[in-house]
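> Next come a sequence and a model predicted from it.
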Amino acid sequence: MCAMPIDYKDTSTRVSQREVFAGNLLARLYRNFVEAEVRSELRDSSRILDIGCGEGILLENLAERYPDKTLVGVDLSEENVRLCKGLGLDVSLGDASDLGLPPASFDACVMMSVLEHVEDPAAALREAWRVLEPGGRLVVLVPNDRLFKVARCLFLRFKEARADYGHVSEWDPARTRREMAAAGFDVVRARNLPGRLWGLSLHHLCTGLKP
C-alpha cells in the first residue's frame, strides 16, 4: 500500500502514492489505519524526522494534527523533494544512510516502508540512532511482501501486483527487531498489522528507544 519511486532517474517507472490512494478506496482506508498506528507512536514527540518521506503524506497529516511539532523530512528522490516543498513541507534531499543532519537533533525518527528499499539497512538504522537524542524513539514499518502480492491479486489489482516497487530485501518481525537491537535500540513495542499473526498481516510496526 505504501508505494515508492522505483528508479529515481527514470520517472516513467514511478508509482505514485497519492495516485494509488486516490484510485483505490480500500488502499486509502488501510493506509489511514496504518498511519494512525504510526502517529500514535509519535504523539509525545516534538521534533520528528521522517526518513524516506516519499511524497510527504505522513508529514502533511502530522502538520495538520500537530502544528506545534517540528517536522522534517529527507528523501532520495528529487521529484519527491520538489513535491513536498511545493506543499510547504521542510524536506531535503538525502540518503537514509547519510542524512547530513546534526547528531542528537530529533526526539523521534520514523521509517515508514523504507528499510526494504535500502541497500545497507544496518547503516540506515545506525544513522537514525545518531540523529536521535538519548531517550529518542525510532518507529519502523516494514511490509509483508508476499501477502501484499496475494492481496492485490485477490482484489484484482493485477497491475499493482506485477509492479516492481524497488524492494531490495524482505523483512519480517524477527529480522526487524534483531537489526534494530544491533543498531543500539531497545525494542519497546512490536506488533503486526492488521492482525496478530505475521502470515496474515500486511505490515510489522516496531518501536525502539535510544538508551
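Received the coordinates, thanks.

> What ranges does the protein have for its strands?
In the chain, the strands defined using DSSP state E lie at 47-51, 70-75, 91-93, 106-112, 132-143, 186-193, 203-209.

> Give me the contacts around the second one.
By C-beta atoms under 8 Å, 6 or more residues apart in numbering, the surrounding residues in contact with strand 70-75 are 46-54, 56, 59, 62-63, 81, 84, 89-96, 99, 101, 106. Every C-beta, even on glycine, is put in place using the N, C-alpha and C of the backbone.

> As a markdown table, the strands of the chain with distance to Val168, mean neighbour count and mean pLDDT would be great.
Compiled in a markdown table, these are given as follows (distance: least, C-beta to C-beta, whole Å; neighbours: other C-beta atoms under 10 Å; pLDDT from 0 to 100):
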| stretch | distance to Val168 | mean neighbour count | mean pLDDT |
| --- | --- | --- | --- |
| strand 47-51 | 16 | 25 | 98 |
| strand 70-75 | 17 | 23 | 98 |
| strand 91-93 | 20 | 17 | 97 |
| strand 106-112 | 14 | 25 | 98 |
| strand 132-143 | 13 | 21 | 97 |
| strand 186-193 | 22 | 15 | 97 |
| strand 203-209 | 17 | 23 | 97 |
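
> To Glu35, which of these lies closest?
Closest to Glu35 of the strands of the chain is strand 106-112 (C-beta to C-beta; 7.9 Å).

> Now do that closest one: which elements does it pack against?
Using 3 or more C-beta pairs under 8 Å, 6 or more residues apart in numbering; DSSP states H and E as the contact criterion, the elements in contact with strand 106-112 are helix 25-42, strand 47-51, helix 121-131, strand 132-143.

> Dump the C-alpha coordinates for the shortest one into PDB.
It stands for strand 47-51. What follows is strand 47-51, C-alpha atoms only, in PDB (Å, rounded to 0.1, in the frame of the first residue of the first chain):
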ATOM      1  CA  ARG A  47      11.000  17.000  16.900                       C
ATOM      2  CA  ILE A  48      10.200  14.400  14.300                       C
ATOM      3  CA  LEU A  49      12.300  13.300  11.300                       C
ATOM      4  CA  ASP A  50      10.600  11.300   8.500                       C
ATOM      5  CA  ILE A  51      13.400   9.300   6.800                       C
END
